[in-house]
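Peer 1: Quick one, fold the following:
(one chain, ligands or ions: 3)
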Amino acid sequence: MDKKILILKGDGIGPEIMDQAIRILKNIGDTFGHSFHLTDGLIGGAAIDNANTPLPEATIQLAKDSDAVLLGAVGGPKWDHNPSDLRPERGLLGIRKSLDLYANLRPVKGFKTLTNASPLKPEIIEGSDLLIVRELTGGLYFGRPSERRENGEVVVDTLHYTKSEMIRIIKKAFESAQLRKKKLTSVDKANVLESSKLWREIVEAESKNYPDVTVEHVLVDACAMKLITSPKSFDTIVTENMFGDILSDEASVLTGSLGMLPSASLAESGVGLYEPAHGSAPDIAGQNIANPIAMILSTAMMLRHSFGLDTEAAAIEAAVETTVNQGFHTKDLHVENGTLVSTSEMTDHILKNLQTNE
Ligand SMILES: NC(=O)c1ccc[n+]([C@@H]2O[C@H](COP(=O)([O-])OP(=O)(O)OC[C@H]3O[C@@H](n4cnc5c(N)ncnc54)[C@H](O)[C@@H]3O)[C@@H](O)[C@H]2O)c1
Ligand SMILES: CC(C)[C@H](C(=O)O)[C@@H](O)C(=O)O
Ligand SMILES: [Mg+2]
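Peer 2: Ligands and ions are numbered 1, 2, ... in the order given. The predicted structure follows:
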C-alpha cells in the first residue's frame, strides 16, 4: 500500500513523541510491505515563529493532498500572551474546521498492569473500556460573537450548533456503539441549556433508527462524577465539543496517565487527523521523558480508520500492551517494581515486541 501522510510535529513534546511514532510507522511499513511517504508541515507555535500564522495555507493544502494527518501537539508559554489569532491553539482549531473533522473518537482503555498506576481504586477501574465521541467543530469553540465588550467589562462566547451538526455526530456515536457493547450515554446539560434540549430530542429521535442500542441521558456534572466512581457502567459516550474536551482528560485518569490517550478526528469524507488527547506538556518538553504511547496508539488508529490496515494496527496495540505488561513505563506512570524508561527507550521496547510478535 502507498500512502501520503502529513506530519505536523507542533510544539513542546510534539516533535519528541512524533519521532517515536515515525519509528513505529517505518517498522510497520518494512514488515508489512507498505510505503508511507511522510511530508512535514507547520502548525501552532512552530508555524507562528516561521510564518507568522498558526496555520499556514500551505499546511491546509498539504493536508488535503494527503491520505491522513498525524499531529503531535501545539502550544506553550512562549505564545501564551499572543493576541488570540496568533495563539498556537488557533492552528489546531483551524485545521479541524478546514478539514471538517467533526467526529473526535477518544477510546479510553486501561491496561491491566496499569490499574495501580491510577490514583483510583483498582477494583473500580479494572476492566473499564469506553469510547468518548466528542463533537469537534461546533459549540462554544467556534460560536460567534466571541469577544470583549465595554472596555473589557463584559465578555461574550456563543454556544452555537445547527441541527445537522448535532445529527451527524449523534449518528456517528450510534454507529460506534453498534460496533461495541451497544450502549450509548448521551451527555448534556438539558436542565439548563437550550442547545442540550435540542441535542436530547435528536438523540431520542435517532434512537428509533438504532433499536439494538440502549440509550441513557446523563447530565454532564453527574457524568464527571460517575466516570471515576463507576467507569464500567459506560460503553460509548457522545457529547458536545467542550464537555467532551473536559471529560476526556478526566477519563484518562482511568488509564494511569493523560499520556496514554489517543484520538482520531474524522470527517464525513476526506482526510482524517490523528493526535494524542494531551497537549504539548511544556513542563517536561525537551527531556526525553514524555510518554509516547498516546502518539503511537494514535498512529495505530490512523492505520485502522484511514487505511483499513486492521492487522497492522492490532500489531502496534499488542506490542504496546506487551511492553506495558513487561513493566516498562515513563515517568508519568507510577508502576511499582517496574522499569523507568525514557521516551526513546519506551519505543525501543515497543519495536522489540513488534518484532517478537510477528
Ligand atoms: N491537541 C493539542 O495540541 C493540545 C491539547 C491540550 C492542550 N494543548 C496545549 O498544550 C499546552 C499545555 O497545556 P496543559 O499543560 O494544560 O496540558 P498538557 O496535556 O500539555 O499537560 C497536562 C499535564 O499532563 C502531562 N502530560 C501530558 N502529556 C504527557 C505525555 N505524553 N507524557 C507525560 N506527561 C504528559 C504534562 O506534563 C502536564 O503535567 C497549552 O498551550 C494547551 O493549549 C494542546
Ligand atoms: C488545545 C485545545 C484547543 C484542545 C481542545 O480543547 O480541543 C485540546 O485540549 C484537545 O483536547 O484537543
Ligand atoms: Mg483537551
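Peer 1: From now on I want contacts and neighbour counts done on CA atoms only, so please keep to that.
Peer 2: Will do.
Peer 1: pretty sure Ser164 belongs to a helix, no?
Peer 2: Yes: under DSSP: H, G, I helix; E, B strand; the rest coil, Ser164 falls within a helix.
Peer 1: got the contact list for it?
Peer 2: For Ser164, no contacting residues are found, by CA atoms under 8 Å, 6 or more residues apart in numbering.
Peer 1: what's the burial count for Glu201?
Peer 2: By other CA atoms under 10 Å, the residues close to Glu201 number 12.
Peer 1: What spatial separation is found between the residue of the stretch 101-250 of the chain found nearest ligand 1 and ligand 2?
Peer 2: In the stretch 101-250 of the chain, no residue comes nearer to ligand 1 than Asp249, which is 8.1 Å away by CA to the nearest ligand atom. Going from Asp249 to ligand 2 by CA to the nearest ligand atom, to the nearest Å gives 7 Å.
Peer 1: Roughly how far does the residue nearest to that residue when sequence neighbours are not counted sit from ligand 2?
Peer 2: Closest residue to Asp249 apart from its sequence neighbours, by CA to CA, 6 or more residues apart in numbering: Leu258 at 6.6 Å. Distance, Leu258 to ligand 2, by CA to the nearest ligand atom: 11 Å.
Peer 1: can you check Thr137 too?
Peer 2: From Thr137 to ligand 2 the distance is 9 Å (CA to the nearest ligand atom).
Peer 1: same check, this time on Leu38
Peer 2: From Leu38 to ligand 2 the distance is 23 Å (CA to the nearest ligand atom).
Peer 1: residues touching the residue nearest to Asp249, list them.
Peer 2: Asp249, Ser252, Ala277, His278.
Peer 1: Let's see that with 10 Å instead.
Peer 2: Shown in contact with Leu258 (CA atoms under 10 Å, 6 or more residues apart in numbering): 248-252, 276-279, 291, 293-294, 332-333.
Peer 1: circling back: show me what the strand or helix carrying the residue of the stretch 101-250 of the chain closest to ligand 1 is packed against.
Peer 2: In this structure, Asp249 sits in helix 241-251 according to DSSP states H and E. If contacts are counted by 3 or more CA pairs under 10 Å, 6 or more residues apart in numbering; DSSP states H and E, helix 241-251 sits against strand 103-109, strand 129-135, strand 183-188, helix 220-229, strand 236-239.
Peer 1: winner for burial among these?
Peer 2: strand 236-239 (a mean of 28; mean count of other CA atoms under 10 Å).
Peer 1: May I have the strands that pair with that strand, each with its orientation?
Peer 2: Strand 236-239 has its sheet partners listed here by DSSP bridges as strand 129-135 (parallel), strand 183-188 (parallel).
Peer 1: Check the average confidence over the shortest one, would you?
Peer 2: On average, the pLDDT along strand 183-188 is 99.
Peer 1: Downstream of that strand, the next helix or strand is which one?
Peer 2: Following strand 183-188 in sequence, per DSSP H and E, is helix 194-207.
Peer 1: Any stretches of this structure with poor pLDDT?
Peer 2: 357-358 (pLDDT under 70).
Peer 1: Return the host helix or strand of Glu123 as CSV; C-alpha atoms alone will do.
Peer 2: Following DSSP H and E, one finds Glu123 within helix 122-125. C-alpha atoms of helix 122-125 as CSV (Å, rounded to 0.1, in the frame of the first residue of the first chain):
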residue,chain,number,x,y,z
PRO,A,122,-8.1,-0.9,41.1
GLU,A,123,-11.4,-2.7,41.7
ILE,A,124,-13.3,0.3,40.4
ILE,A,125,-11.3,0.8,37.2
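Peer 1: give the contact list for Thr299.
Peer 2: Here Thr299 is in contact with 18, 21-22, 24-25, 69-71, 262-264, 273-276, 293, 305, 313, 316-317 (CA under 10 Å, 6+ apart).
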